[in-house]
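**Student:** Give me a model of this one.
(chains A and B)
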There are 2 protein chains.
Amino acid sequence: MRAYDVIKNKRDSKKLAQNEIKYLIKGFVDGSIPDYQMAAFLMAVYFQGMDEEETYWLTDCMRTSGDLIELDGISGITVDKHSTGGVGDKTSLVLGPVLAALGLKVAKMSGRGLGHTGGTIDKLEAIEGFSCELTRQQFIDAVNKTGVVIVGQTGNLVPADKKIYALRDVTATVDSIPLIAASIMSKKLAVANKILVLDVKVGSGAFMKSLEDARTLARLMVKIGTQGGRKVSAVLSNMDEPLGEMIGNAVEVQEAVETLQNKGPESFTQLIRTLAAQALVLAENGKISTADAEARVDLVLQNGAAYKKFLEMVEIQGGNPAKINQLPKARQTIELKADQDGFVSSMQCEEIGLAAMMLGAGRETKDSVIDMAVGLKLIRHVGDQIRKGDVIAEVYVNPDRGDNSKAIKRLRDAICISSKKANASPLILDIIS
Amino acid sequence: MRAYDVIKNKRDSKKLAQNEIKYLIKGFVDGSIPDYQMAAFLMAVYFQGMDEEETYWLTDCMRTSGDLIELDGISGITVDKHSTGGVGDKTSLVLGPVLAALGLKVAKMSGRGLGHTGGTIDKLEAIEGFSCELTRQQFIDAVNKTGVVIVGQTGNLVPADKKIYALRDVTATVDSIPLIAASIMSKKLAVANKILVLDVKVGSGAFMKSLEDARTLARLMVKIGTQGGRKVSAVLSNMDEPLGEMIGNAVEVQEAVETLQNKGPESFTQLIRTLAAQALVLAENGKISTADAEARVDLVLQNGAAYKKFLEMVEIQGGNPAKINQLPKARQTIELKADQDGFVSSMQCEEIGLAAMMLGAGRETKDSVIDMAVGLKLIRHVGDQIRKGDVIAEVYVNPDRGDNSKAIKRLRDAICISSKKANASPLILDIIS
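**Tutor:** This next block holds a predicted model:
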């Protein structure tokens, strides 16, 4: 077999055989197939796509390219979630404790972020003493004890994805639905969770700009996960404006805490309710209705059980629950005021994220150091009526980082105010399972 | 500027700017843009194509990536020809002397072959003493004296094409009309010939399988050449069966000699007549009709002037004209006989070429040594009626090279005999200028 023929077959829209995909991925990972052949293949996939079966084979080859993580030591039903990413996404911080409070087990491995803000791990490290580095046994023991633990990815998990993603990133082949599905699902299926809830974002701030593409991706991932022996459900949610109100690191932890105390933004709470209910319905094999499941989620938010799980997680991971309100704070708050009457008609989500990154909340390169304290709060949302002079956002800056005026201008330009009332899209757009 | 954005723009079917193409080619040649980004770009071009302007810019960037060859020292009208390649293509060996006999100047640079048979240079080296290595001054002087000289490519001619072609070859991106046009024309325009005649092959044994694709390629190359300040004409000719009767090296020289003596196969002679007449019409700025030009070609074939030019070329390049009939001969001739009555209905041209290569006539890898003597002669052609036992081909083998039976079987399988009469396609399919 030759890599050339596999590239040519894909180029010519022929269905690839399982062993062709295996040959290519194995060869690429072991270095016998060079970057340039893989790059040509990825661009051919960009144009010709892959059917469900090919995508499953690709996912499975990638999945088995490194360590597989069994979760045998954990008693109970293990749940994992994945978000396709967006601006202000602090879902894991809240969903994990909620699921634990519902009696499920969340043994979560998360990443650091290269983007608008830090990843889940970065955000958690805003809590003094919090450590995401546990040994495998500590991890298992902690999950059994508290029901929820969030650690960093360790070991050689899906090296094929790391290598392929690095190449896609520089060859304009990221935006391919089968490649996105295989990348996500290879990592999810490398860890032996029983239930998987997928949070697929749709809109200007997400990978998937259209609902149609998001549905295609969600259906494909649900199929792959099911074929991989998991119970899977996907929630499609709106990312035309950032999730919740806070964007940053410490400020997102703060918003997560408030949400766990049932005082969070309604939209974000609704997403948590929907995702957690999906996990519960899957765990109960559909013996509970979605409405009942959602009521149970609301209960653990109202009665403090979810927040209690969060504090237990903080404690078992080295943080001090008593100091949860003493997160890093920026030295200065700048109010962004409306310069005209009107309505918030739309938000350029990605631009808002980039403004946060410019403030110091995210990494521009791998070596950038995140400023945990900086960030911003969106006070007004799409559809809101505003008057000139109203505060539409608060910006939390550390002036000694340098001039923040460009970031603030970027934020201002990203919030569009119009004389015509615009309606906000609903948050939950579809559920696929 | 970033290579990523150039790749993405092409992927998204945006028209590239001249400086984007320049940036990419320059960076790839100097090593600052890696293979894998170029491979992704080439695959994007495969799918999205390039318009005439983009293709010209690409051609021109490639052309100026290395040495440019001025032909200032040559008095008269310089003509170059290019063939897109096929099986049994010995056109340069005959066309060069014919054009010289018509008063034009042919300062030809040719390559060695990696394929069915050797290239023009390899074939000429079947003539004892013949040398294709002349200094620049010897080359100019020889052209001024004889009107036709064929040398090997020297110097750093269009390194961008060498590097890009090597990459296309292993990434399944060879079959792209704009990339083919840019590859051919960058090399042609790097040498300052005034007239360019393009021999575009169409059919099972050619790059271009369909007349439509061949027309597109020919039109594009004529446009690029004209924009580059050349007079250009393209002849589309049939490559559904090999050109002439002989396939090999010494045997093709022998057939070239016979054609120059006006005793060659009619089809091959017709191609020479058409190509040479096109060059003449361009040289005379259209002041001569095609019919008159063809008559003048026939005249130099009939009166020995063309053959005389060939012998002069052989002599000035170190060969002995008196020994032109003492070419290397294979030790054994095997007759391939028809095993049924019927008609030759088609020939798998590429398979016949590969059979010749297996006999030893071509290079499978860069290090293969060509056997100048071996080859084959196709005695019967598409449309011919045959009876069981008729000799349809002669195979010239050197038995000490090993078993030739596989090559002979391949040849037999490639000549299709059917009970229904098939008509041969006309040789000249179109002329574009």
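
**Student:** which stretches of the stretch 151-300 of chain A form strands?
**Tutor:** Remark: strands assigned in the stretch 151-300 of chain A by DSSP state E, counting those that start in this stretch are A:195-202, A:231-238, A:246-248.

**Student:** Just checking: what are the partner strands of the second one?
**Tutor:** Strands adjacent to strand A:231-238 in the sheet, as given by DSSP bridges, are strand A:195-202 (parallel), strand A:428-432 (antiparallel).

**Student:** which other residues reach that strand?
**Tutor:** Identification of contacts with strand A:231-238 by CB atoms under 8 Å, 6 or more residues apart in numbering or on different chains yields A:194-203, A:211, A:214-215, A:218-219, A:221-222, A:225-226, A:243, A:271, A:274-275, A:278-279, A:281-283, A:425-433. Glycine gets a C-beta too; all of them are placed from N, C-alpha and C.

**Student:** And the last one, by the same measure?
**Tutor:** By CB under 8 Å, 6+ apart, the residues outside strand A:246-248 that reach it are A:87-88, A:90, A:116-117, A:252, A:254-255, A:352-353, A:356, A:359, A:361, A:373-378, A:396.

**Student:** follow-up on the earlier one: the strands of the stretch 151-300 of chain A into TSV, with extra columns for mean pLDDT and mean neighbour count?
**Tutor:** Converted to TSV, these look like this (pLDDT from 0 to 100; neighbours: other CB atoms under 10 Å in any protein chain shown):
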stretch	mean pLDDT	mean neighbour count
strand A:195-202	96	26
strand A:231-238	97	24
strand A:246-248	96	31
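
**Student:** In TSV: the ones you listed, plus distance to residue A:185.
**Tutor:** TSV is the format used below for those (distance: least, CB to CB, whole Å):
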stretch	distance to residue A:185
strand A:195-202	9
strand A:231-238	9
strand A:246-248	28
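
**Student:** pLDDT score for residue A:136?
**Tutor:** The model reports residue A:136 with a pLDDT of 89.

**Student:** no wait, residue A:365
**Tutor:** 80.

**Student:** Domain map for chain A?
**Tutor:** With domains defined by automatic domain parsing, chain A comprises A:3-49, A:79-157+A:188-323, A:332-418.

**Student:** Can you tell me which of those domains is nearest to residue B:138?
**Tutor:** domain A:3-49 (40.0 Å; CB to CB).

**Student:** one step back: residue B:311: which of the domains of chain A is closest?
**Tutor:** Smallest distance to residue B:311 across those (CB to CB): 44.5 Å, for domain A:3-49.

**Student:** gap between the two ends of that closest one?
**Tutor:** Distance between the two ends of domain A:3-49: 18 Å, counting by CA to CA, to the nearest Å.

**Student:** That domain and chain B in contact?
**Tutor:** Yes. Domain A:3-49 reaches chain B (CB under 8 Å from any CB of the partner chain) through A:3-4, A:7-8, A:11, A:34-40, A:42-44, A:46-47.

**Student:** Then stretch A:105-123?
**Tutor:** No. With CB under 8 Å from any CB as the criterion, chain B is not reached by stretch A:105-123; the gap is at least 15.5 Å.

**Student:** now the end-to-end length of that stretch.
**Tutor:** 21 Å.

**Student:** Could you do stretch A:337-354 as well?
**Tutor:** 20 Å.

**Student:** just the buried members of the residues of domain A:3-49 next to chain B?
**Tutor:** A:3, A:7-8, A:11, A:34-40, A:42-44, A:46-47 (16 or more other CB atoms under 10 Å in any protein chain shown).

**Student:** Closest to residue B:170 out of these?
**Tutor:** residue A:37 (6.3 Å).

**Student:** Next up, the contacts around the nearest residue to that closest one once chain neighbours are set aside.
**Tutor:** In space, and not counting its chain neighbours, residue A:37 is closest to residue A:3: 4.5 Å by CB to CB, 6 or more residues apart in numbering or on different chains. Neighbouring residues of residue A:3 by CB under 8 Å, 6+ apart: A:23-24, A:27, A:33, A:37, A:41, B:170.

**Student:** give me that answer again for 10 Å
**Tutor:** If you count contacts by CB atoms under 10 Å, 6 or more residues apart in numbering or on different chains, residue A:3 has them with A:20, A:23-24, A:27-28, A:32-34, A:36-38, A:40-41, B:170-172.

**Student:** So which of these belong to helices?
**Tutor:** A:20, A:23-24, A:27-28, A:36-38, A:40-41, B:170-171 (DSSP state H).

**Student:** just for chain A, where's the confidence low?
**Tutor:** A:113-114 (pLDDT under 70).

**Student:** which bits of it sit near chain B?
**Tutor:** A:2-12, A:34-48, A:167-175 (CB under 10 Å from any CB of the partner chain).

**Student:** again, 8 Å this time
**Tutor:** Residues of chain A lying close to chain B (CB under 8 Å from any CB) are A:3-4, A:7-8, A:11, A:34-40, A:42-44, A:46-47, A:167, A:170-173.
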